[in-house]
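1. this is a predicted model, with the sequence first.
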Amino acid sequence: MLLVSVVIGLVLVALLFDFINGFHDAANSIATVVSTRVLSPLVAVGWAAFFNFIAAMPVLWGAELKVADTMGKGIIHFEMLKAMGTYHVLAVMFAALAGAIVWNLLTWWWGLPSSSSHALAGGMVGAALPALGAHGIIASGIVKITLFIVLSPIIGMVLGSGMMIATAWIVRRNTPARVDRWFRRLQLISAAIFSFSHGTNDAQKVMGIIAVLLYGTIWAGQPFHVPFWVVLLCHLAMGLGTFFGGWRIVKTMGHNLTKLQPIGGFCAETGGGVTILALAAAGIPVSTTHTITGAIVGVGATKGTRAVRWGVASRIVWAWILTIPMSALVAALVYGLVEMGARLAGH
């Protein structure tokens with residue numbers, strides 16, 4: 001009974017991380033639509049939260065949860081962790097979540113759009129290293145995630161700038177007022193696409209953690225998979241987090257990085273959303289933050305390099321570089337404290 005209570009408690013901590021993920025990443029979904037004044041902040045977060053939640057629906061139609069599988073079994077050796085026993089599964093997952101949550105809250109407070117995905121991956125590595133050693137880490141999974149720290153914003157930037165150039169050419173013979181009117185409506189669609197992609201990619205990361213908790217402890221004899229009730233809970237937690245919003249980061253993403261018009265907001269959101277959906281289908285837990293930032297920079301750069309505030313962009317890049325090592329460090333410290341407490345209790 002105690003074990004079940006502890007597992008339920010850690011599942012709730014994982015859902016808290018999912019809530020904070022939505023809270024932290026709300027700016028990614030709504031910054032452009034708010035900065036272009038297409039929607040008020042309250043309506044925008046409601047719109048984004050709704051599409052975060054309904055991103056769970058494709059699972060009913062047989063969609064695979066490849067990102068959840070990557071997070072659950074593609075970063076650390078799940079079977080090796082499970083073989084060490086229930087205590088180690090719980091200790092490692094708790095430390096991983098703690099590392100990710102602490103880093104997310106710090107970067108939210110500083111107003112930096114860092115990656116919740118990479119914070120969670122870093123937390124898992126930092127917690128698993130002292131528990132399993134280097135052989136407990138799946139190098140290919142870490143390489144894939146690290147590689148897309150660079151590639152995802154580049155892909156987002158290329159798609160965002162490409163869409164901006166193509167769209168500007170298509171509407172070149174229309175008056176600015178008419179173009180603005182059209183894209184104010186179309187930006188509702190692009191914001192929905194990006195919010196749906198955010199829910200598709202980011203909610204699955206916590207599903208993978210919860211699956212490790214369940215199938216590494218109380219359901220250890222059953223095959224690893226993600227039950228649909230876990231899917232719904234994760235999307236609900238993320239949607240609620242998005243609704244309550246991360247207003248500090250909205251300013252950085254929507255105003256400080258570059259000035260956007262509705263046509264630019266549409267291109268950035270659509271380019272970023274398409275990138276994230278494609279990478280989620282490939283099972284890559286990519287950073288939605290990195291991708292939309294790259295797309296916004298790409299759109300802004302079509303007006304010339306001076307249209308982008310590169311000083312702000314450089315601060316964001318530093319947050320990206322530090323996310324995995326810093327969340328790993330916090331997770332390793334938390335795991336060490338848990339181990340120390342267990343030894344003292346044993347004595």
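-> Right, received. Where do you want to start? Numbering: from 1, shown residues only.
2. for the spatially closest residue to Thr270 that is not a sequence neighbour, give me the pLDDT.
-> With CB to CB, 6 or more residues apart in numbering as the criterion, Thr270 has its nearest non-adjacent residue at 4.5 Å, and that residue is Ser190. Glycine gets a C-beta too; all of them are placed from N, C-alpha and C. With respect to pLDDT, Ser190 has a value of 88.
3. would you confirm that Phe94 contacts Val334?
-> Yes: assessed by CB atoms under 8 Å, Phe94 is found in contact with Val334 at 7.2 Å.
4. shared neighbours of these two, anything?
-> Residues touching both Phe94 and Val334 (CB atoms under 8 Å, 6 or more residues apart in numbering): Ala127.
5. the strand or helix carrying Ala131 packs against which elements?
-> Assigning secondary structure by DSSP states H and E places Ala131 in helix 116-132. Secondary-structure packing of helix 116-132 (3 or more CB pairs under 8 Å, 6 or more residues apart in numbering; DSSP states H and E): helix 2-35, helix 66-73, helix 78-83, helix 86-110, helix 139-170, helix 176-215, helix 310-346.
6. can you give me the pLDDT of the residue lying closest to Pro41 once chain neighbours are set aside?
-> In this structure, Pro41 finds its nearest non-sequential neighbour in Val34, 5.4 Å apart by CB to CB, 6+ apart. Among the per-residue scores, Val34 shows a pLDDT of 74.
7. and the gap between Thr217 and Met93?
-> Separation of Thr217 from Met93 (CB to CB, to the nearest Å): 9 Å.
8. more neighbours: which of those two?
-> Neighbour count, other CB atoms under 10 Å: between Thr217 and Met93, Met93 has more, with 27 against 20.
9. ok, that one - contacts?
-> Listed by CB under 8 Å, 6+ apart, the contact partners of Met93 are 10, 14, 127, 209, 212-213, 216.
10. make a markdown table from these and add distance to Leu236 to it.
-> Formatted as a markdown table, these follow (distance: CB to CB, whole Å):
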| residue | distance to Leu236 |
| --- | --- |
| Leu10 | 18 |
| Ala14 | 13 |
| Ala127 | 26 |
| Ile209 | 16 |
| Val212 | 20 |
| Leu213 | 18 |
| Gly216 | 24 |
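11. residue ranges with poor pLDDT in the stretch 1-150 of the chain?
-> 27-29, 31-32, 36, 111-114 (pLDDT under 70).
12. buried sites along stretch 217-237?
-> By neighbour count on 16 or more other CB atoms under 10 Å, the buried set for stretch 217-237 is 217, 224, 226, 230-231, 233-237.
13. quick one: which of those is nearest Val38?
-> Val38 lies nearest to His235 out of the buried residues of stretch 217-237, by CB to CB, at 24.5 Å.
14. once you drop chain neighbours, what's closest to that closest one?
-> Computed as CB to CB, 6+ apart, the closest residue to His235 that is not its neighbour in sequence is Ala56, at 4.0 Å.
15. what's the neighbour count on Ala55?
-> Look at Ala55: counted by other CB under 10 Å, it has 26 neighbours.
16. what's the answer for Ala134, then?
-> Ala134 has 8 nearby residues by other CB under 10 Å.
17. on that earlier part again, now the contacts of Met93 in JSON lines, with neighbour count?
-> As requested, those are exported to JSON lines (neighbours: other CB atoms under 10 Å):
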{"residue": "Leu10", "neighbour count": "21"}
{"residue": "Ala14", "neighbour count": "29"}
{"residue": "Ala127", "neighbour count": "33"}
{"residue": "Ile209", "neighbour count": "28"}
{"residue": "Val212", "neighbour count": "27"}
{"residue": "Leu213", "neighbour count": "25"}
{"residue": "Gly216", "neighbour count": "25"}
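18. isn't Val158 right next to Gly298, touching?
-> Yes: the pair formed by Val158 and Gly298 meets the contact definition of CB under 8 Å, at 6.5 Å.
19. more neighbours: these two, which one.
-> Neighbours per residue (other CB under 10 Å) separate Val158 from Gly298, with Gly298 holding more: 29 against 15.
20. re earlier: who's in contact with the residue nearest to Thr270?
-> 265-270, 273.
21. how much space between it and Gly265?
-> Computed as CB to CB, the Ser190 to Gly265 distance reads 7 Å.
22. do Asn201 as well
-> In this view, Asn201 and Gly265 are 20 Å apart by CB to CB.
23. okay, those two: which has more neighbours?
-> Legend: neighbour count by other CB under 10 Å for Asn201 and Gly265, higher for Gly265 (28 against 23).
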